[in-house]
Every structure is written in C-alpha cells, then in structure tokens.
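Colleague: Got a predicted model here, sequence first, then my questions.
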Amino acid sequence: MAPDTLAHTTNRPLKRGRKFLNTPGPTNVPPRVLNAMHRDTMDLNDPEFLDAAIECFEGLKRVFRTDGEVFSYISNGHGAWEAALVNTLEPGDLALVPETGHFSSSWADMAKALGIETQSVPGDWRRAHDPEKIAQALADDTGHRIKAVLLVQTDTATGITTDVKAVREAMNRAKHPALLIVDTIASLGTIDFRMDEWGVDVTIAASQKGLMMVPGLGFVAANDKAIAAHKATKRDRRYWDWTPRMSNQGYRTFCGTAPQIHIFGQREGLAALFEEGMERVFERHRVLAEATWKAIDVWGQAGSLEINALVEAERSLGVTTIRTAEGVNADRIREVCRDEMLAGVGGGLGVFGGRAFRIGHMGDMNAPMLYACLAAVEATFVYLDVPHTPGGVTAAVKHIAEYKKLHSSTTF
C-alpha cells in the first residue's frame, strides 16, 4: 500500500517558492539538460543514440584535453576511483597518496580494500600539497616499488586545489616511472586542466559537479602509458575492465545496457560548456568564488568564521570551506539554512565534521543564484545568533558589480 501522502509530512512545514542549491555536488542542472533527458528510451543500437554517445565521448576528451581513451561508467566518482585502481594496480602494488584532505584519505581506504598498499605523504588541510614532498618520496623509492601517485586536484572537504602541473614536473625531476592518477571530480569544468600537456596518465571525473549533469556517470580517461599498465596488470575485474570497453562495439563500450538518458543529458551539458567557452567558464567560476570570499571576510570580522584555505591562490574556484569557532555548530548552520532558509550548503567532512560548512559555487551558477545563497547563510547567522559582521552579501554584490562594469558582457 502506498504511504499516506500527508501523514509522513506531519512535522515538515509547507514551504512555498523554490529551493536553492549551493552544495559542492550535486549542483544545479540547466533546464536544457533536463529537457534533453526528457525522452523515450530506444533500441541499444539506434543511430540517434550512438551518435549522441560518440559526441559525448568526444566532448569529454575536449574537457579533459586528451587524445587518450575515455571510459564511462554508471556510477558516481567513487566508482570511477575504483575503475582507475583496478585497471592499473594489482594486489600488493604500492601507491603514493599525498594527503590533501578527506577525499585523499577515502581514496586510500578504497585502495587498501582492493589489496593495494598505500604510502601517505602527510599534508596540511589548510594548504595545497607541496610537490617537492611528493618528489622526495619518489626519490627515496630507489627500487621503484611505487607504481602510482593518487592525487586529488581539488578536495571538496578543504576547498583547496593542488597544482597538478607542478606535481608532474616534480615527479619528472625525481625521474620516477610511477603513473600520475588525478581525481578531478570537484574541479573539472571549473578550472583549467590539461591532461596530455601536463603529463597526467589517468584522470577521474563525474557528471554531477562542473559538468552540469545529474549524478550517475563516472568517467576515466587514460593515456597510452596507462593502457600499457592496464594490459600488464593481473587481477580479477569485469564491469570496470577497460579492454572490452575499447572494442568500439556499443554494447561492450558500456559493459551492457547503456545509460541512454544520461548520455543525452551529458552531451547537452558539454554543449552548454562549449557554447559559453571554457575560458569564460573558468572566469565565471573565478569571479563567483571571489565574491564568496568577500562575503566571508566581512562575516569573519567578528571572529567566529574564516575561510579554511589560508592562501588565496590555492583556493578552489568551485567550493569554499568555512571554519567555525569553538561553540558555533556548523551542522546546525547547514540544517537551518537548508530547512528554514531553503538554501542547501555542504557540511563539514572528516575532521571538519561539525566544525565547518561549505558553499558551492560551481556548475550552472550565476550571480543572482549566489546572492540568494549568501543571503540565506547570513539570515541563518541572524536566526542562530552566530557572531558575525553584517554586510557580507553587499560585499559580494559590490565585487561582481565592479567586475561587470569593466566587462561589456558576462555569462553570469
């Protein structure tokens, strides 16, 4: 029997109007993407779908900036993590994991569960990782036991971005043959990324953040060096296996029935990015991020709030992590902001649980959408009597207005 449609909402007050979403994933999905997904399913080998799949894969190559292979999975980013691991590393192999925050630790835990040994390079959750520490760890590995470096470009828990290009250059100076495997789940489509030019061997991404799609697709891109490592890796795998997926046969490309509706949606999301132009996409993210920082700087003058990332140049352009002072419950801020002010923001993760919240400003986001979130956050501070200096929203508005005065046309 279907549940009573009213009884289960007895303690949930009715709210009018729309909700706002400023979590760092999932993110807002453009109406044109939702419309592209509003369609019937079709035959597995219908030419219309096969054309859409080809365009989607080619579009992903443009975003990754690679000529390598791209694999698509019906999964989230964790699935893409596992796909990268089981195709390049086997039980007993050693992976080097620079500590960038909660997600580098989670990725290392997954590797261990798959029988892969890990070696951590300790880091600071308030700074980007130092490439020289990675290089030193590799230089110390004279026997070349380390088979791969697992690097998270942007850790959404900390709101910090590590310089991938600098890490590869440091690895080259160490003259170490390890694969460079990079997680761009929280960064792809928000900042510049150049897989082939920077020497990244494997790149991991997912649909629900900067690529402006609903959750459900995980992506992995691999260059020739990674494909060679895959062919030499001896371990059981099936769904994640790259070999059958490289057969260019539609059914095998997806290891079974394809996620047709998702592919049509992702193709449209990529088209939207390309129409805007990737450089303009990156600039939009930069200005919206800066406006967010301006707001937090004002709020934080009262001493209860501060941006986690200490160095501005290392801050993520897609998500900002805000630390709260002792006695300020960050989880309560998130709950009231979502349930009473109707704006969803992210909670603190790992060691930041209850001590931080996160504002996402990535994907299909413009200035008014950001203003709504910042106003909801500031209203939450008033509601909860969180010590803060008023005027954060005004500071954000001023920053964006000044930018718009200097630029004749913007996309936000």
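Modeller: Received, thanks.
Colleague: show me where the protein has strands.
Modeller: For the chain, the strands defined by DSSP state E cover 20-22, 69-74, 94-98, 117-121, 146-152, 154-155, 160-161, 179-183, 202-206, 217-222, 305-307, 319-324, 343-347, 356-360.
Colleague: out of those strands, nearest to residue 12?
Modeller: strand 343-347 (15.5 Å; Cβ to Cβ). C-betas here are computed from N, CA, C, even on glycine.
Colleague: who touches the closest one?
Modeller: 19-24, 156, 319, 330-331, 333-334, 337-338, 353, 356-360, 372-373, 376-377 (Cβ atoms under 8 Å, 6 or more residues apart in numbering).
Colleague: Which among the residues you listed count as buried?
Modeller: 20-24, 156, 319, 330, 333-334, 337-338, 356-360, 372-373, 376-377 (16 or more other Cβ atoms under 10 Å).
Colleague: circling back: I'd like the strands of the chain written out as TSV, with distance to residue 397 and mean pLDDT added.
Modeller: Output for the strands of the chain, formatted as TSV (distance: least, Cβ to Cβ, whole Å; pLDDT from 0 to 100):
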stretch	distance to residue 397	mean pLDDT
strand 20-22	16	98
strand 69-74	40	97
strand 94-98	38	98
strand 117-121	41	98
strand 146-152	33	98
strand 154-155	26	98
strand 160-161	26	98
strand 179-183	34	99
strand 202-206	32	98
strand 217-222	35	98
strand 305-307	19	98
strand 319-324	17	98
strand 343-347	16	98
strand 356-360	15	98
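Colleague: so what are the domain limits for this structure?
Modeller: Split into domains by automatic domain parsing, the chain comes to 31-274, 278-406.
Colleague: nearest to residue 12, of the ones you listed?
Modeller: Using Cβ to Cβ, the nearest of those to residue 12 is domain 278-406, at 8.5 Å.
Colleague: which residues of the stretch 1-150 of the chain score low on pLDDT?
Modeller: 1-11 (pLDDT under 70).
Colleague: re the thing from before, just say which of the strands of the chain is most tucked in.
Modeller: Sort the strands of the chain by mean neighbour count, taking mean count of other Cβ atoms under 10 Å, and strand 154-155 sits at the top with a mean of 32.
Colleague: And that one, what does it pack against?
Modeller: Helices and strands touching strand 154-155, by 3 or more Cβ pairs under 8 Å, 6 or more residues apart in numbering; DSSP states H and E, are helix 102-113.
Colleague: Remind me what the helix it packs on packs against, helices and strands.
Modeller: helix 77-88, strand 94-98, strand 117-121, strand 146-152, strand 154-155.
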